[in-house]
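J.: here is the input, now give the coordinates:
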Amino acid sequence: MIHLRCTFKTLLFMTALLLAAMTLSGCVSHGSSPQGPSEESPTTAYTQLGMAYLQRDDLERAQQAFIRAIDLSANDPDALQGLALIYQRQGETASADQYFQRALSARSPFTQARNNYAAFLFSQDRIPQACEQLEQATTDLRYERRAQLFDNLGQCRQRQGDSAAALAAYQRALQLEERLPRAWLGLAEVQYQQQHLDAARASLEHYVRLAGQSNESLQLSQKLRGGASRDG
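T.: Model prediction:
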């Protein structure tokens, strides 16, 4: 068993080293994307350390760091979310659900955690609940990646079979950020389902320009060619 016993100064140094390694390897943080551990509290430092370990797939050390943070501050939202992400990775779905909900109760809004919770629900085939969380997340006007939230919502509504809601979500995503390949592909798929074939072809072309061909785009292109043949 690995035990995290270190002074606050050592803790900050360890976090700085791990965050630097993450930057060099191009990782994306699951947490609040800290720029550095300079004058952070011990709770925040342990949370950042946990996120750094989580990025390196060291789940044992990450879990211990998050637990230490929660020992210091029982309702720290970032540490609660960190444990939720670990339990999700470990297949402990009941615990993951519990800690996501605790994180969301501890901070409002906590849009990043809400998006992660929606992804967890989606992975569990709890599609209506996932869409509900994403609908709520998209109302956060200050969230930097709001376009991605609408893209996720479009995929959720598409999975739910609500093509009108999916179409609206994809269009909103692209209104906010037009260089979202997945939103263009989703939009093309919905437009094809609605038999708006010219619009679907145009959306698919946008996707291919941004991301190149994929199995999904090739399949849709083949369907569109079939639709053109029937129209002819």
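J.: give the contact list for residue 59.
T.: Applying C-beta atoms under 8 Å, 6 or more residues apart in numbering, one finds that residue 59 lies in contact with 53, 86, 89-90. C-beta: built from backbone N, CA, C; applies to glycine.
J.: ok, residue 109 next?
T.: By C-beta under 8 Å, 6+ apart, the contact set of residue 109 is 140, 143.
J.: gap between the nearest residue to residue 106 once chain neighbours are set aside and residue 92?
T.: Take residue 106 and drop its neighbours on the chain: the residue closest to it by C-beta to C-beta, 6 or more residues apart in numbering is residue 77, 4.0 Å away. The gap separating residue 77 from residue 92 is 19 Å, by C-beta to C-beta, to the nearest Å.
J.: neighbour count winner among these two?
T.: Taking neighbours as other C-beta atoms under 10 Å, residue 77 and residue 92 compare with residue 77 leading, 20 against 15.
J.: on that earlier part again, phi, psi for the residue nearest to residue 106 please.
T.: Its backbone dihedrals place residue 77 at phi -70, psi -40, with angles given as degrees, to the nearest 10.
J.: equivalent analysis for residue 86, please.
T.: As for residue 86, its main-chain torsions (degrees, to the nearest 10) stand at phi -60, psi -50.
J.: that one and residue 125, how far apart?
T.: Relative to residue 125, residue 86 is positioned 21 Å away (criterion: C-beta to C-beta).
J.: then residue 83?
T.: 23 Å.
J.: who's more crowded, these two?
T.: Taking residue 83 and residue 125 together and counting by other C-beta under 10 Å, residue 83 has the greater number of neighbours (25 against 8).
J.: how is residue 91 assigned, secondary-structure-wise?
T.: Per DSSP: H, G, I helix; E, B strand; the rest coil, the secondary structure class of residue 91 is coil.
J.: quick check: phi and psi at it.
T.: With angles defined as degrees, to the nearest 10, residue 91 shows backbone torsions of phi 80, psi 10.
J.: ok, now the one 5 residues further on?
T.: Note on residue 96: its backbone torsions stand at phi -60, psi -50 [degrees, to the nearest 10].
J.: for stretch 133-146, buried residues please.
T.: Neighbour counts using 16 or more other C-beta atoms under 10 Å place 133-135, 137-138, 140, 143, 146 of stretch 133-146 among the buried residues.
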